[in-house]
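Trainee: Below are the sequence and a predicted model for it; my questions follow.
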Amino acid sequence: GAVVSQHPSRVICKSGTSVKIECRSLDFQATTMFWYRQFPKQSLMLMATSNEGSKATYEQGVEKDKFLINHASLTLSTLTVTSAHPEDSSFYICSARTSDRGLRSNQPQHFGDGTRLSIL
Amino acid sequence: AQKVTQAQTEISVVEKEDVTLDCVYETRDTTYYLFWYKQPPSGELVFLIRRNSFDEQNEISGRYSWNFQKSTSSFNFTITASQVVDSAVYFCALNLYNFNKFYFGSGTKLNVKP
């Protein structure tokens, strides 16, 4: 089945550092990728929708300058947390879907394994 | 507006018991998808099932079964003869056909004790 690879799986870094997280679709072309954030014991909250070759669409309340998203190719989207602070510590998950929008399709949105970000 | 409600925050059962996880959704759209995902302690999301709004047939996959009822806007998930390995957080999610956005419920933590 379709695989989405997310790297790194865990990051620990000092406050003020910028951290880049990669999301790759390994065996399919992902025209759209999504970035979610999950606080401990909470649900996944969509941060932004990333479309290949265009600017990402951010959800209300998400700082565009803080969370930079780039979707330069059909298989790669990156999330950069700029000047990270302890409150940015969270579990970040990406997902990707193909361009197939057929109602009868059995292609679900595929999730990466997540990145646990800890800012000291 | 879209919303997914998982009223059960946490459920504890003893191994081999059956357990049902509830999911109620709200949407005015007539075309949508419903999903269940499992999130073990390691964090990754494991896809369990996707159901489109036109298909109300219940589905069984091994020990898992799903009951989709549009009349009550519910998409409940039952695990039969639960096992310790079923312990995880389970998320129900709604995806509108014309939009990419997923609406996740708050999740239900299932603890299966030996």
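Mentor: Looks like it arrived, so ask away. Numbers count the residues shown, from 1 in each chain, chains lettered A, B, ... in the order given.
Trainee: all contacts plus neighbour counts: C-alpha atoms, from now on.
Mentor: OK.
Trainee: mind showing which ranges of chain B have poor pLDDT?
Mentor: Confidence mapping of chain B against pLDDT under 70 gives the ranges B:98-100.
Trainee: swap in chain A?
Mentor: For chain A, residues meeting the criterion pLDDT under 70 lie at A:1-2, A:99-108.
Trainee: Please work out which residue of it is closest to chain B.
Mentor: Residue of chain A nearest chain B, by C-alpha to the nearest C-alpha: residue A:113 (4.3 Å).
Trainee: roughly how far apart are that residue and residue B:102?
Mentor: Residue A:113 sits 17 Å away from residue B:102, going by C-alpha to C-alpha, to the nearest Å.
Trainee: OK, contacts around residue A:37?
Mentor: Residue A:37 is in contact with A:44-47, A:90-93, counting by C-alpha atoms under 8 Å, 6 or more residues apart in numbering or on different chains.
Trainee: Give the bridge partners for the nearest residue in space to it that is not next to it in sequence, please.
Mentor: Nearest residue to residue A:37, sequence neighbours excluded (C-alpha to C-alpha, 6 or more residues apart in numbering or on different chains): residue A:92, at 4.6 Å. Beta bridges link residue A:92 to residue A:37, residue A:115, judged by DSSP bridges.
Trainee: just checking, residue A:92 touches residue A:118?
Mentor: No. Residue A:92 is beyond contact range of residue A:118, at 10.8 Å (criterion: C-alpha atoms under 8 Å).
Trainee: okay, the two: which has more neighbours?
Mentor: Higher neighbour count among residue A:92 and residue A:118: residue A:92, with 26 against 19, using other C-alpha atoms under 10 Å in any protein chain shown.
Trainee: burial of the closest residue to chain A within chain B, as a residue count?
Mentor: Closest approach between chain B and chain A, counting by C-alpha to the nearest C-alpha: residue B:44, at 4.3 Å. When neighbours are defined as other C-alpha under 10 Å, residue B:44 has 16 of them.
Trainee: Wait, a helix at it?
Mentor: No. Residue B:44: not assigned to a helix; according to DSSP: H, G, I helix; E, B strand; the rest coil it is coil.
Trainee: give the contact list for residue 72.
Mentor: Defaulting to chain A. Taking C-alpha under 8 Å, 6+ apart, we find residue A:72 in contact with A:52-53.
Trainee: oops, I was thinking of chain B
Mentor: Neighbours of residue B:72 in contact, by C-alpha under 8 Å, 6+ apart: residue B:24.
Trainee: re earlier: and residue A:113 and residue B:102? Which one has more around it.
Mentor: Taking other C-alpha under 10 Å, residue A:113 and residue B:102 do not tie; residue A:113 has more neighbours (25 against 22).
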